[in-house]
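A.B. asks: quick one, structure for this:
(one chain, ligands or ions: 2)
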Amino acid sequence: MQSASSPVAVTLSDVSKWFHSFQVLKDINLTVRNGERIVICGPSGSGKSTMIRCINRLEVHQQGKIVVGGIELTNDLKRVDEVRRDVGMVFQHFNLFPHLTVLQNCTLAPIWVRKMGRRDAEEIAMTYLKRVKIPEQAHKYPGQLSGGQQQRVAIARSLCMNPKVMLFDEPTSALDPEMVKEVLDTMVSLASEGMTMLCVTHEMGFAREVADRVIFMDAGQIVETNSPDEFFSNPQHERTALFLSQIL
Ligand code: ADP
Ligand code: MG
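C.D. replies: Ligands and ions are numbered 1, 2, ... in the order given. Sure, this is the predicted structure:
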């Protein structure tokens, strides 16, 4: 469990970013402590994906400072690699390698990035595939799996790298409704094990159940940060209230 004295996992200080002349992030300030679970929501186009992609430098910020696990993200690619090794990311569209089996998807980075032996990597992969409840799919290809199963493989694949922080970008929004629960259940169990998580999601049941803080973004800004209880029952800003009225 996180507390105000837990070490800091991620800090964004006055972070701004532009796509050409369009400012997509405006002076973002956020501190995430070890073990903290943050849910990020907000209208489409508000900068949620861009913000979390900046945390493992899939996007480059132009102003301000981002520090992950004590390492500042700059153009020093060695340090960027170090950060990426410890930050897992799960996307809306799974992003599995279609020509590799589930097991190969899970062992690729541990073997090539962590220099782990194949046997060990496979053993660890099977442990995580069991944890996400699909060990029997290990030798299939992603295309042979349902969306929910593919997303659970994507989560297992991230976990094989033993990340310190997990980033989720709308992990359930491309799934058929009946598959949403199996993925959320996996995320809930990850949260209960103390994983530091930043999740962009509009699954408000998930937010209520696991979030320590809910962040609402609009037009490139963090408009509101609150506990889930306060966020839902007593939104501080008109824009938050409007957003909630549209999704709940
Ligand atoms: P969200 O995830 O909240 O829907 P995004 O971070 O994806 O928002 O996008 C925020 C804004 O930045 C949108 O207006 C989007 O069109 C724009 N944007 C995102 N990626 C790019 C890009 N690579 N080039 C130009 N504009 C982009
Ligand atoms: Mg997005």
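A.B. asks: which element is the residue lying farthest from the centre of the chain on?
C.D. replies: Centroid-distance maximum for the chain: Arg119 at 28.1 Å, with CA atoms, centre = their mean. For Arg119, the host element (DSSP states H and E) is helix 118-131.
A.B. asks: residues in this protein within reach of ligand 1, list them.
C.D. replies: 19, 24, 42, 44-50 (CB under 6 Å from any ligand atom). Any C-beta I mention is one placed from the backbone N, CA and C, and that applies to glycine too.
A.B. asks: which of the residues you listed fall within strands?
C.D. replies: 19, 24 (DSSP state E).
A.B. asks: Pro110: which of the residues of the chain next to ligand 1 is nearest?
C.D. replies: Pro110 has its nearest neighbour among these in Ser49, at 26.4 Å by CB to CB.
A.B. asks: correct me, but that closest one touches Asp169?
C.D. replies: Yes. Assessed by CB atoms under 8 Å, Ser49 is found in contact with Asp169 at 5.4 Å.
A.B. asks: shared neighbours, these two?
C.D. replies: Counting by CB atoms under 8 Å, 6 or more residues apart in numbering, the common neighbours of Ser49 and Asp169 are Val200.
A.B. asks: okay, His134 and Ala154: tell me how far apart.
C.D. replies: Let me fix one detail, which is that residue 134 is Ile and not His. 11 Å (CB to CB, to the nearest Å).
A.B. asks: who has more neighbours, the two?
C.D. replies: Neighbour count, other CB atoms under 10 Å: between Ile134 and Ala154, Ala154 has more, with 25 against 22.
A.B. asks: and stretch 21-36, which residues are buried?
C.D. replies: Of all the residues in stretch 21-36, those buried under the rule 16 or more other CB atoms under 10 Å are 23-26, 28, 30, 32-36.
A.B. asks: of all pairs in the residues you listed, which one spans the longest distance?
C.D. replies: The span of these, defined through CB to CB, is set by Gln23 and Gly35 at 32.3 Å.
A.B. asks: could I get the buried residues of stretch 21-36 in JSON lines, plus columns for secondary structure?
C.D. replies: Listed next are the buried residues of stretch 21-36 as JSON lines, based on DSSP: H, G, I helix; E, B strand; the rest coil:
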{"residue": "Gln23", "secondary structure": "strand"}
{"residue": "Val24", "secondary structure": "strand"}
{"residue": "Leu25", "secondary structure": "strand"}
{"residue": "Lys26", "secondary structure": "strand"}
{"residue": "Ile28", "secondary structure": "strand"}
{"residue": "Leu30", "secondary structure": "strand"}
{"residue": "Val32", "secondary structure": "strand"}
{"residue": "Arg33", "secondary structure": "strand"}
{"residue": "Asn34", "secondary structure": "coil"}
{"residue": "Gly35", "secondary structure": "coil"}
{"residue": "Glu36", "secondary structure": "coil"}
